[in-house]
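Trainee: model this:
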Amino acid sequence: MIQKGGPESGMINKGQSSIRCALLLMVVFAGAAVAFASTCARGSVMGVADRTGSEWPDRNGVIRRAEPASYVETRNNAKPVQSATPKTTVVLDVPDIADRVNPVVVNIKSSISEVGESLGSGFIIDPKGLIVTNFHLISNKDEAGGGTRGPEPEKPLKLADHIVVTLSDGRQFLASVKGYDPATDIALLEIQPSGKPLPVAELGDSDSLRVGEWVIAIGNPLGLDHTVTLGIVSAKGRGDLGGQYDDFLQTDAAINPGNSGGPLVNAQGKVIGMNTLILVRTQGLSFSIPINAIKSVVGQLIDRGRVARGFLGVDLRDLDPDSRASRNLAPDAQGVVVMRAERGSPGAKAGLRSNDLITALDHQPITSRVQCNRIISSKSPGEKVAIKILRDGHEYTLNADIGEEIKTDKKD
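Mentor: Okay, the predicted model is just below:
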């Protein structure tokens, strides 16, 4: 016989309490799970990121990246929600970008007698049939092909005898050379389109591009048309790669022979560069011409078929630690050293001398030889420029009249 209040009764009471506690915990965890699922779903719809500086693919394969921002995105006209660590989401929908950009990318095949065929890429910039590509694709400037940069022997310039452009829909057209600029490796082709209207590339702003941004390269490497590769902007303003006006974007997006002339696009699908070269015996070192430089050159090629480039007539070199020490300059001092001013040149007439340190042009600080050359070349002949220099410890401002650089292309 079991007595009330005996040991067995205590065990039953304890068992009932345990069951009640377990049920309560289950309810709490279930509520938390529902709240978490709701938050995740809401974040997916609203584009709210909670991982600053990270990337992850969603269920559709779209790469999402969280970066600092000023507010969290909201919907339904709700007020912005201030966050302790404000964030935003950069969405990189690679399939969508490829679908939008691929139609403007063309395959270019050129042939030069005694040299052979070259395969490359280009992109349409005008519905009337204007196409931008690399000069080395339609000339013997780079007989090795593929935009590989190495020692290049002096040789007479020869343009392609035959150029065929193939559109993404398979249509083919003969192309003529409307203009070219060997100094920047830019060429402008023209076709006479027939059939449905041509799509046109949307051009972006390469000056606003930031190191670390996502970029996509599209082209025809080794004849594999409309290949898409993904990377980031590794650096900006790369010079000293063999050209006087080198000012490349560096990217780790895979670029191979045949990609030359194709577009480099940003996360919005806008063209911010033209894939141009790779360095021999390297991996992940690809270089593209910034679209803003292309805009400047192409505008002149459309108007006159050639580029009128500003000219000072001075040889420059970058300021190095030894030069700073000899001038008693601070370790972070910037500028370029004048090695020589050609007799009778605009620079010499303005008073520039060997060993002068140019620190600014029109009040813009000068940090490198490439930057200085780019600023001078972008000015129109006859335009005036104020040159701030440091000479024997004293600052002076010289005024020069920009001349025009005259180069004669030797053609067969």
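Trainee: what comes up buried for stretch 112-124?
Mentor: I112, S118, L119, G120, S121, G122, F123, I124 (16 or more other CB atoms under 10 Å). Using the backbone N, CA and C atoms, a C-beta is placed for each residue, glycine as well.
Trainee: Give me the distance between R238 and D225.
Mentor: Applying CB to CB, to the nearest Å, the value for R238 to D225 is 28 Å.
Trainee: likewise Q300?
Mentor: Taking CB to CB, one finds Q300 at 30 Å from D225.
Trainee: Could you tell me which of the buried residues of stretch 112-124 are located in strands?
Mentor: Using DSSP state E, the subset of the buried residues of stretch 112-124 located in strands is I112, S118, L119, G120, S121, G122, F123, I124.
Trainee: So I294 is in contact with I272, correct?
Mentor: No - I294 is beyond contact range of I272, at 10.0 Å (criterion: CB atoms under 8 Å).
Trainee: Mutual contacts of the two, please.
Mentor: Common neighbours of I294 and I272 (criterion: CB atoms under 8 Å, 6 or more residues apart in numbering): none identified.
Trainee: So if we follow the domain assignment, how does this structure break up?
Mentor: Taking automatic domain parsing as the domain assignment, the ranges for the chain are 22-91, 100-190, 206-304, 310-404.
Trainee: Turn the ones you listed into TSV, columns for mean pLDDT and distance to L198.
Mentor: TSV is the format used below for the domains of the chain (pLDDT from 0 to 100; distance: least, CB to CB, whole Å):
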stretch	mean pLDDT	distance to L198
domain 22-91	49	29
domain 100-190	87	5
domain 206-304	91	15
domain 310-404	92	30
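Trainee: can you put those in JSON lines and add distance to P197?
Mentor: Converted to JSON lines, the domains of the chain look like this (distance: least, CB to CB, whole Å):
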{"stretch": "domain 22-91", "distance to P197": "30"}
{"stretch": "domain 100-190", "distance to P197": "6"}
{"stretch": "domain 206-304", "distance to P197": "19"}
{"stretch": "domain 310-404", "distance to P197": "33"}
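Trainee: nearest to V200, of the ones you listed?
Mentor: domain 100-190 (5.6 Å; CB to CB).
Trainee: Quick check: end-to-end length of the closest one?
Mentor: End-to-end distance of domain 100-190: 22 Å, with CA to CA, to the nearest Å as the criterion.
Trainee: Could you give the separation of that domain from the chain centroid?
Mentor: Remark: domain 100-190 is offset 20 Å from the chain centroid, using CA atoms, centre = their mean, to the nearest Å.
Trainee: Now do the buried residues in the helix or strand hosting I272.
Mentor: Taking DSSP states H and E as the criterion, I272 maps to strand 271-279. Buried residues in strand 271-279, defined by neighbour count with 16+ other CB under 10 Å: V271, I272, G273, M274, N275, T276, L277, I278.
Trainee: what sits against V106?
Mentor: So V106 contacts S121, G122, F123, I124, I131, V165, T166, L167, S168 (CB under 8 Å, 6+ apart).
Trainee: Return the closest of these with respect to E395.
Mentor: Nearest to E395 among these, with distances taken as CB to CB, is F123, at 45.8 Å.
Trainee: Does the closest one touch V104 like I think?
Mentor: Yes - the criterion here is CB under 8 Å, and F123 meets it with V104 at 5.1 Å.
Trainee: what do the two both touch?
Mentor: Counting by CB under 8 Å, 6+ apart, the residues touching both F123 and V104 are A201, P263.
Trainee: tell me what the strand or helix carrying I302 is packed against?
Mentor: According to DSSP H and E, I302 maps onto helix 291-304. Counting contacts by 3 or more CB pairs under 8 Å, 6 or more residues apart in numbering; DSSP states H and E, helix 291-304 packs against strand 130-134, strand 176-181, strand 186-190, strand 271-279.
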